[in-house]
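Undergrad: predicted structure and sequence below. I'll ask about it afterward.
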Protein chains: 2
Amino acid sequence: MKPAFADVESAAARIAPHAQVTPVLRSRSLDEMAGCTIAFKCENFQRAGAFKFRGACNAVWALSDDSARRGVVTHSSGNHGAALALAARTRGIAAHVVVPEGAVAAKVAAIRTYGATLHVCAPTLAARDEAAARVARETGATLVHPFTDSNVIAGQGTATLELLREAGELDAVIAPVGGGGLVCGSTIAAKGIFPQTRIFAAEPEGAADAYASLRRGERVTDIVPDTICDGLRATFGQINFDLMREYAIEVLPVSDAQTIAAMRLIFERMKIVIEPSSAVVLAAILRHRERFAGLRVGAIVSGGNVDLDRLPWLS
Amino acid sequence: MKPAFADVESAAARIAPHAQVTPVLRSRSLDEMAGCTIAFKCENFQRAGAFKFRGACNAVWALSDDSARRGVVTHSSGNHGAALALAARTRGIAAHVVVPEGAVAAKVAAIRTYGATLHVCAPTLAARDEAAARVARETGATLVHPFTDSNVIAGQGTATLELLREAGELDAVIAPVGGGGLVCGSTIAAKGIFPQTRIFAAEPEGAADAYASLRRGERVTDIVPDTICDGLRATFGQINFDLMREYAIEVLPVSDAQTIAAMRLIFERMKIVIEPSSAVVLAAILRHRERFAGLRVGAIVSGGNVDLDRLPWLS
């Protein structure tokens, strides 16, 4: 079921007691460099360190009391797993997170910190789906998919809702695309307020399945991701593909080198800590500057969960 | 001449068209760790990357048109030099910055970026004073001292003014102490609004001249600084000593290791980029936690100008 603008508004009301209204920051020097004015919506300041908390929180609080009592389950070794664990904690219910063997220890630790039950499975897509289905069957927990779930998509849209209500009309909004939940939520939110606002998706060249799919007119699912953007390696979903086609969202690919340079610029000029998956938006604005010349641009900075011992410009 | 609360209020009005009202950020996890609630006033988001712009801007805009026409001069190889250069540019006047031979290239480059004229001198205090006095004599420029100047102190106080107006009454405010301009300005601002608020100064053990001076009851000027906090190596001034005595400000020393750990925590939990000199405030709260237990604490995060290729926890 495709979410509508009203669903984003309901999500905003539902998550308001729990989520952070994140700041919108600007940088004169980055504006000069880019030749446009950029309002950065800083979801790195969101709870659990990423926009993912919005969608997870909306999904958790949209459950009936009866369903909620049986908990939630997802498969994710990254930000969605931690976000769902924390969201479940805000409602006092159980969260089960299926994690592939060999997942990054720090991320698994974060999921555990928020009190979720971990289920380890083999590192394949099939094993993940199977394990999550099994947990759902055995516990009665509701599956909350990281990016195809309608409540998750509507929740992710609340970041753009806040951005536009604070910054006013923007000519363009750009968000990273991995599974597609954030881009789709952002689009529904933006079009509901300012129908003229153009939406762009920034995608790593090494995981450009959204780019390839929209070009080909059908979903490409056989790309093996090779990018430092660990949050953007997912193969994006059917509902996400359909929404991106419907709204004619343009995907702008960027190289990892451009992403790393943009990430360092954001640390240096904006004084904020972001993860590589967030830097793709500035990388895309700088690489495709002719698209944005003179415009008022909103950029969704998706998260800040980065390994501070391995900042990518140092390796 | 010692600045009063009215001078801080005038400074706030004077710099309003030019300075940033910086955000106040909080962190649940740091509050839990510290056992108190901390409102971080984030001057790393200030123009030129540090609170120094407030004092420099106030000094520049307090000049008569006649004086302004002849420009300003200071000696500083750090944030004050860049701040004064940028402040002078906002008024369209000349800035001269005396820089010791061997100063950090990146900082000198920043000063040059803002359009100041650089004057290189030998790396001694006497040479710096002499060079600045000579430039003042030859050009008629007004000397703007980094921390003893009354307008500079009043300007630095505007950060705390904003903090208290946003956060409401706080039990304590803590700021780093180097030359003493920020601590003195913060004290005057806080006492003018909430006379009961206690003021603390955080100081590196390796440059603890404020701590030693207040203990001994006279200014200690023979300490050779040895700390990673490059912004806190200055020997603090007479007016700063007098004000700190008058207000019975308690100095809390911290080790560089504690500062580095606090700096990493702030990157990780708050997702902001700060310089070592700013991390001393959290280091002091964590080390001297019995002083802050259960209190509402305001912490001035002084700046974010750090070499991202040499983050201290990586060496």
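TA: Nice, I can see it. Predicted, not measured: the structure shown is a model, and the values here were computed from it.
Undergrad: ranges for the strands of the stretch 101-250 of chain A?
TA: A:117-121, A:142-143, A:172-176, A:198-204, A:250-254 (DSSP state E, counting those that start in this stretch).
Undergrad: so which of these gets nearest chain B?
TA: Minimum separation from chain B across the strands of the stretch 101-250 of chain A (CB to the nearest CB) falls at strand A:172-176, 16.5 Å. From N, CA and C alone the C-beta is placed, and that goes for glycine too.
Undergrad: okay, angle between that closest one and strand A:198-204 too, please.
TA: 30 degrees (axes from the mean of the first three to the mean of the last three CA atoms, to 10 degrees).
Undergrad: neighbouring contacts of strand A:172-176?
TA: A:160, A:163-164, A:182-183, A:186-187, A:190, A:197-203, A:229, A:231-232, A:252, A:277-278, A:280-281, A:284-285, A:291-292, A:295-300, A:302 (CB atoms under 8 Å, 6 or more residues apart in numbering or on different chains).
Undergrad: just the CA atoms of stretch A:25-44, as CSV, please.
TA: Provided in CSV are the C-alpha atoms of stretch A:25-44 (Å, rounded to 0.1, in the frame of the first residue of the first chain):
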residue,chain,number,x,y,z
LEU,A,25,22.1,24.0,9.2
ARG,A,26,23.6,26.1,6.5
SER,A,27,27.2,26.9,5.4
ARG,A,28,28.2,30.0,3.5
SER,A,29,31.3,28.4,2.2
LEU,A,30,29.6,25.3,0.9
ASP,A,31,26.9,27.5,-0.7
GLU,A,32,29.7,29.4,-2.5
MET,A,33,31.4,26.2,-3.6
ALA,A,34,28.1,24.7,-4.9
GLY,A,35,26.6,27.8,-6.5
CYS,A,36,23.3,27.3,-4.8
THR,A,37,21.9,27.7,-1.3
ILE,A,38,21.6,24.5,0.7
ALA,A,39,19.5,23.8,3.8
PHE,A,40,20.9,20.7,5.4
LYS,A,41,18.4,18.7,7.4
CYS,A,42,20.6,17.1,10.0
GLU,A,43,19.3,13.6,10.8
ASN,A,44,22.7,12.7,12.2
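Undergrad: measure how buried residue A:296 is and give me the count.
TA: Per other CB atoms under 10 Å in any protein chain shown, the neighbour tally for residue A:296 reads 17.
Undergrad: for it, give me the pLDDT.
TA: Note on residue A:296: pLDDT of 98.
Undergrad: again with residue A:108
TA: For residue A:108, pLDDT reads 87.
Undergrad: ok, it - how many residues close by?
TA: Neighbours around residue A:108, by other CB under 10 Å: 19.
Undergrad: for chain B, see how far away it is.
TA: 17 Å (CB to the nearest CB, to the nearest Å).
Undergrad: could you check the angle the helix-or-strand element of chain A with minimal mean pLDDT makes with strand A:117-121?
TA: Counting by mean pLDDT, DSSP states H and E, chain A has its least confident helix or strand at helix A:105-113, which shows a mean of 86. Relative orientation of helix A:105-113 and strand A:117-121, computed by the same axes, to 10 degrees: 140 degrees.
Undergrad: mind exporting the C-alpha coordinates of helix A:105-113 to CSV?
TA: Below are the C-alpha coordinates for helix A:105-113, written out as CSV (Å, rounded to 0.1, in the frame of the first residue of the first chain):
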residue,chain,number,x,y,z
ALA,A,105,30.5,-5.7,15.9
ALA,A,106,29.9,-2.0,16.8
LYS,A,107,26.5,-2.0,15.0
VAL,A,108,25.5,-5.2,16.6
ALA,A,109,26.5,-3.8,20.0
ALA,A,110,24.3,-0.7,19.4
ILE,A,111,21.3,-3.0,18.6
ARG,A,112,21.9,-4.9,21.8
THR,A,113,22.3,-1.7,23.8
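Undergrad: fine by me, we can end here.
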